[in-house]
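> when you get a sec, could you give me coordinates for this:
(one chain, ligands or ions: 3)
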Amino acid sequence: MVNLKINGISVSVPEGSTILQAAAAANVEIPTLCYLKGVNCAGSCRMCVVEATGARGLVAACVYPVSEGMEVQTNTPKCRQSRKMTLELLLSSHKKKCLSCLRNTSCELQRLSLEYGADEDRFASAKPDTPLDTSSPFLIRDNDKCINCRRCVAACKNLQSVEAIGPIGRGYAVHIGAAFERPTIESNCVGCGQCIVACPVGALTEKSNVDEVWKAMADPDKKVVFFTAPSVRATLGEEFGYPVGTNVEGRMVAAIRRLGNVEVFNMDVTADLTILEEANELVWRVRNGGKLPMFTSCCPGWIKFVEHTYPDMLPHLSTCKSPQQMFGALLKTYYCEKNDIDPENLFVVSVIPCTAKKYESGRPEFRKDVDVALTTRELARMIKTAGIKFTELPEEQFDEPFRIATGGGAIFGATGGVMEAALRTAAHMLDGKFEVLDFKEVRGTEPIKEAKYKVAGLTVKVAVASGLANARKIMEDVKAGRKDYTFVEIMACPGGCVNGGGQPTLSDSIRNSNLDLRALRAKALYTFDKKTEIRASHDSPTIKMLYGEYLEQPGSRKAHECLHTEYTARKKY
Ligand code: SF4
Ligand code: SF4
Ligand code: SF4
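Ligands and ions are numbered 1, 2, ... in the order given. Here you go, the predicted structure:
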């Protein structure tokens, strides 16, 4: 351990720690911009400069190592002056369109400029005017708001190993984009949105579909239905001041209902349905010598990654559609037939943690079963626009016939959740008596988890990974024959959908603190699962009703038509 003082406060931290880490241990906050815990640590923006004994001049706290007896001052006139100058230089070339910026009030540059009293016109330069990149259905890049912190580049490279974006040009002309100035859509980008949630300003945002939803709701010929993904209940509250990890399911349902004349369904139902179909497919592959390991297919970011990077492994993907697309297909078939609705007049809105699902909903094979996919952030904006006082709402329940789902469906939102829910049902399918419900080995936010289970005389070897850099490790091990898994769950976003690219953006002071945000959000789902009356997907009365009335049985011809799909090998850029 190394002993030092931060602003006179004694603190002891492990050798090799940075001043920023020591300051966090002493409960002292140092402002940052290019630093993001677990994503980027470059020491380039100079916002975190401090004075330290033994150092010449100001040093960047995020990269400068501590030493025994060091004394650090984080709030001297020299530090404040330097930070203010940094902000004024950043503002000199910034498109100052704060009023209509989606990050207004959650922008790190705006917050720090206010705190330091930065003069936005001190170094006024030519007005920037770079065209927006709107080429993809999920993301908008506005480089005139970019501060070149490169957190997005680090997220895409370090977390996802996709490297779809990087710095282009030199000196003053440097900017971020896909190689050879191609638009985002002509790159290996998988749409995960991890760059969006990493961005401290409004340079990267989701492509909003909110106006389409308002328009459909105002159309008397349209019936509008919403369904919400499992993780949204665990994160939406953050937009309304609830602590991280608060389950706001009841108020979320009430708020959507108050947006207009809509019905609100529970997407955990099709998470349960995915489990039935996926477990059935796994059991079939195990018994009939099908392609193993089988990989989950509920994450469209992961699917696009395989299509670009490992097209030879496509037969290993489960053929199940994602829960979003299963829900859309069921609504436009079963639900429309049952309620005598023309599918053309049913407007389906999914609320998801994810930007990749915006891309997925437009894939041609899905025939617009989901008309619009809204992120958690977009739903929050609609609730605020409608003047709904979220915190004062009563708790309400989802609408029938898609109200009741299981705890297994709810934990889909966290890494390991799909695996655990699938094991509950696959084990039951292999051995009718198997009733274990907790598979704790696959829980938690570790990047890769492995476990082995004995069921009905079979050894089932499983692995769970989140973050595409970890998925790539698993893929390479499987291809090289170093691992012989039976079943693998992959989620593109580190920690799973609770940490998806469409989730609320929290301030840097929360993200860089010692809180484990992924674990807190996941805990809300596991607590919900524990309290739920029915925890195994195969026990759900809604699932029994759907197979009884429409889908016949898992893997039936009807189920295949409605709930399964195929994949496309894509160009690798
Ligand atoms: S959406 Fe994901 S893959 Fe695409 S650029 Fe951003 S981080 Fe990279
Ligand atoms: S787009 Fe955002 S995250 Fe990326 S370099 Fe610019 S400001 Fe930083
Ligand atoms: S992990 Fe979840 S939020 Fe992230 S890309 Fe996949 S489905 Fe979307």
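> the longest helix seen in the chain near ligand 3 at all?
In the chain, taking DSSP state H as the definition, the longest helix is helix 268-288. No - applying C-beta under 6 Å from any ligand atom, one finds helix 268-288 separated from ligand 3 by no less than 11.2 Å. (Each C-beta comes from the backbone N, C-alpha and C, glycine too.)
> would you mind measuring from Leu317 to ligand 3?
Using C-beta to the nearest ligand atom, to the nearest Å, Leu317 is found at 14 Å from ligand 3.
> ok, that residue to Met475 distance?
According to C-beta to C-beta, to the nearest Å, Leu317 stands 11 Å off from Met475.
> try Pro77
In terms of C-beta to C-beta, Pro77 sits 53 Å off from Met475.
> okay, domains of the chain per the record?
Domain assignment of the chain by automatic domain parsing yields the ranges 2-75, 89-206, 210-269+325-392, 273-320+406-563.
> I'd like to know which of these is closest to ligand 1.
Among the domains of the chain, the nearest to ligand 1 by C-beta to the nearest ligand atom is domain 89-206 (3.2 Å).
> how about Ala22: what's its closest non-neighbour residue?
Distances taken as C-beta to C-beta, 6 or more residues apart in numbering place Val13 nearest to Ala22, at 4.7 Å, with adjacent residues excluded.
> for the one you found, list each beta-bridge partner.
When bridges are called by DSSP bridges, Val13 pairs up with Val2.
> who's in contact with the residue nearest to Cys62 when sequence neighbours are not counted?
Sequence neighbours aside, Tyr35 is the residue nearest to Cys62 in space, at 4.2 Å (criterion: C-beta to C-beta, 6+ apart). Tyr35 sits next to Leu20, Cys41, Ala42, Gly43, Cys45, Cys48, Cys62, Asp508, Asn512 when contact means C-beta atoms under 8 Å, 6 or more residues apart in numbering.
> surely the first one and Thr32 touch.
Yes - between Leu20 and Thr32 there is a contact under C-beta atoms under 8 Å: 7.2 Å.
> any residues in contact with both of the two?
Looking at what touches both Leu20 and Thr32 (by C-beta under 8 Å, 6+ apart), the common residues are Cys48, Cys62, Asn512.
> for burial, what's the neighbour tally of the last one?
Going back to what we said before, that points to Asn512. Here the count is done by other C-beta atoms under 10 Å, and Asn512 has 21 residues near it.
> let me see the contact set for it.
The contact partners of Asn512, taken as C-beta under 8 Å, 6+ apart, are Leu20, Ala24, Thr32, Tyr35, Leu36, Lys37.
> mind redoing it with 7 Å?
Contacts for Asn512 (C-beta atoms under 7 Å, 6 or more residues apart in numbering) come out as Thr32, Tyr35, Leu36, Lys37.
> does stretch 126-136 come close to ligand 2?
No - counting by C-beta under 6 Å from any ligand atom, no contacts exist between stretch 126-136 and ligand 2, the nearest distance being 10.5 Å.
> got the CA positions of that stretch in PDB?
C-alpha atoms of stretch 126-136 as PDB (Å, rounded to 0.1, in the frame of the first residue of the first chain):
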ATOM      1  CA  ALA A 126     -15.300  29.700 -37.500                       C
ATOM      2  CA  LYS A 127     -18.700  28.100 -37.000                       C
ATOM      3  CA  PRO A 128     -18.400  24.300 -37.600                       C
ATOM      4  CA  ASP A 129     -20.700  22.800 -40.200                       C
ATOM      5  CA  THR A 130     -20.000  19.100 -40.700                       C
ATOM      6  CA  PRO A 131     -22.800  17.000 -42.100                       C
ATOM      7  CA  LEU A 132     -24.500  14.700 -39.700                       C
ATOM      8  CA  ASP A 133     -24.000  10.900 -40.200                       C
ATOM      9  CA  THR A 134     -27.600   9.700 -40.200                       C
ATOM     10  CA  SER A 135     -26.800   6.600 -42.400                       C
ATOM     11  CA  SER A 136     -27.800   4.000 -39.800                       C
END
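> anything in that stretch near ligand 3?
No - Stretch 126-136 lies out of reach of ligand 3 by C-beta under 6 Å from any ligand atom, never closer than 13.8 Å.
> briefly note if that stretch comes near ligand 1.
No - Stretch 126-136 is not in contact with ligand 1 by C-beta under 6 Å from any ligand atom; minimum separation 8.1 Å.
> wait, isn't Ser361 in contact with Arg367?
No - at 10.4 Å, Ser361 does not count as touching Arg367 under the criterion of C-beta atoms under 7 Å.
> where does the stretch 101-250 of the chain dip in pLDDT?
For the stretch 101-250 of the chain, no stretch has pLDDT under 70.
> all strands of it, in order?
Ranges of strands in the stretch 101-250 of the chain, per DSSP state E, counting those that start in this stretch, are 139-141, 165-168, 175-178, 204-206, 223-228.
> quick one: pLDDT of whichever residue of the stretch 301-450 of the chain sits closest to ligand 2?
Residue of the stretch 301-450 of the chain nearest ligand 2, by C-beta to the nearest ligand atom: Thr355 (14.5 Å). pLDDT, Thr355: 98.
> thought it was touching Ser136?
No - between Thr355 and Ser136 there is no contact under C-beta under 7 Å: 8.9 Å.
> need the overlap of contacts for the two.
Residues touching both Thr355 and Ser136 by C-beta under 7 Å, 6+ apart: Gly191.
> and these two? which has more neighbours close in?
Thr355 (32 against 19).
> OK, contacts around that one?
Contact analysis of Thr355 by C-beta under 7 Å, 6+ apart lists Phe138, Leu139, Gly191, Cys192, Gly193, Ile196, Glu206, Thr375, Gly501, Gly502.
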